[in-house]
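Asks: Sequence first, predicted model second:
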Amino acid sequence: MKKISRIEKLFTNQQKACIAYLTAGDGGIQHTLDAAMALIDGGANLLEIGIPFSDPVADGPVIQRASQRAISAGTTLKDVLWLVKEIRQVSDIPLVLFSYLNPILAGSQSDFFSEAKNAGVDGLLLVDCPIEESTFIRDACMTNQMDLIYVIAPSTPMSRIQYINEHGKGFLYYACRKGTTGVRDGLPDGFQEKLASIKAILNLPIVVGFGISNNEMAKEVCKIADGVVVGSLFVKALEDGLPLVSLSKLAQHIFAMNLNSD
């Protein structure tokens, strides 16, 4: 009998995925660990852990600065896996590594995939690797019982979304607006209709990110989506020196009532 993964378990428990993103090593790897625990205490039930990269083209200024700070602090892939191991000691929520392709290609020259599995990684989300070029990564993930998660966008044709849905694992990440990550005041025009049309052709869960910055937006997203991703808001809060107890309260507000209430 196939063992259900942590990601599958989350989406089959009738919960919405309350996903928080952090850049590993921003403020030091121990500080990232402390922030991760604060977000989990605040209601995050899946963590996206960003592997710092020198040219994060899909990310806005907030996460770009976080990546640069983490790189300047000397953060390595081994540090990221140490972080995962430490979180795994105290939490069983799904942990997904968010990365660009280059760090993973570099890591694949060693034992990165098996080390990631052993550390407790559940999935890998590559922002800049199209599905046609991902066979090697997908095979390595499958061998090590990790889900390779794909990103779709408003401009992705429906036929391509269907193809990605057939080959993806875990869930699909819907980047709901053009441009880069960053805090926004509202959802794009026509968001609900577009998301509903996409979800109607999927069998994978779908989560929505890019610009989600308050509880009202998160609940609006989760009227249709299976989960919501909040990143730049938390990263900016840490950049501004928000105490960890306040970070936990911020997450609690964003993810209030697991986004299920009307």
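Replies: It's in. Numbers count the residues shown, from 1 in each chain.
Asks: mind listing what's buried in the helix or strand bottoming out on mean pLDDT in the chain?
Replies: Ranked by mean pLDDT, DSSP states H and E, the weakest helix or strand in the chain is helix 101-107, scoring a mean of 89. Residues of helix 101-107 classed as buried: 101, 103-104, 107 (neighbour count, 16 or more other C-beta atoms under 10 Å). For the C-beta atoms, the positions are set from N, CA and C on the backbone; glycine is no exception.
Asks: farthest pair in those residues?
Replies: Between any two of the buried residues of helix 101-107, the greatest separation by C-beta to C-beta is 10.7 Å, found for L101 and G107.
Asks: Could you identify the helix or strand that succeeds the least confident helix or strand of the chain?
Replies: helix 112-119 (DSSP states H and E).
Asks: pLDDT of that next one, averaged?
Replies: Helix 112-119 carries an average pLDDT of 96.
Asks: for stretch 162-176, same thing?
Replies: 94.
Asks: For A44, which residues are in contact?
Replies: 18-20, 93, 251, 255 (C-beta atoms under 8 Å, 6 or more residues apart in numbering).
Asks: got the residue ranges for the strands in the stretch 101-250 of the chain?
Replies: 123-126, 147-152, 172-175, 206-209, 227-230 (DSSP state E, counting those that start in this stretch).
Asks: For those, give me TSV that also has distance to E48 and mean neighbour count.
Replies: Converted to TSV, those look like this (distance: least, C-beta to C-beta, whole Å; neighbours: other C-beta atoms under 10 Å):
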stretch	distance to E48	mean neighbour count
strand 123-126	7	24
strand 147-152	9	23
strand 172-175	9	24
strand 206-209	9	25
strand 227-230	7	26
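Asks: Check which helix or strand the most centrally placed residue in the chain maps to.
Replies: Centroid-nearest residue in the chain: E48, 3.5 Å away (criterion: C-alpha atoms, centre = their mean). Element membership of E48 [criterion: DSSP H and E] is strand 46-50.
Asks: what element comes up after that strand heading to the C-terminus?
Replies: Next along the chain from strand 46-50, counting by DSSP H and E, comes helix 61-72.
Asks: coming back round to it: for the strand holding E48, packing partners?
Replies: strand 17-23, helix 29-41, helix 61-72, helix 77-90, strand 95-99 (3 or more C-beta pairs under 8 Å, 6 or more residues apart in numbering; DSSP states H and E).
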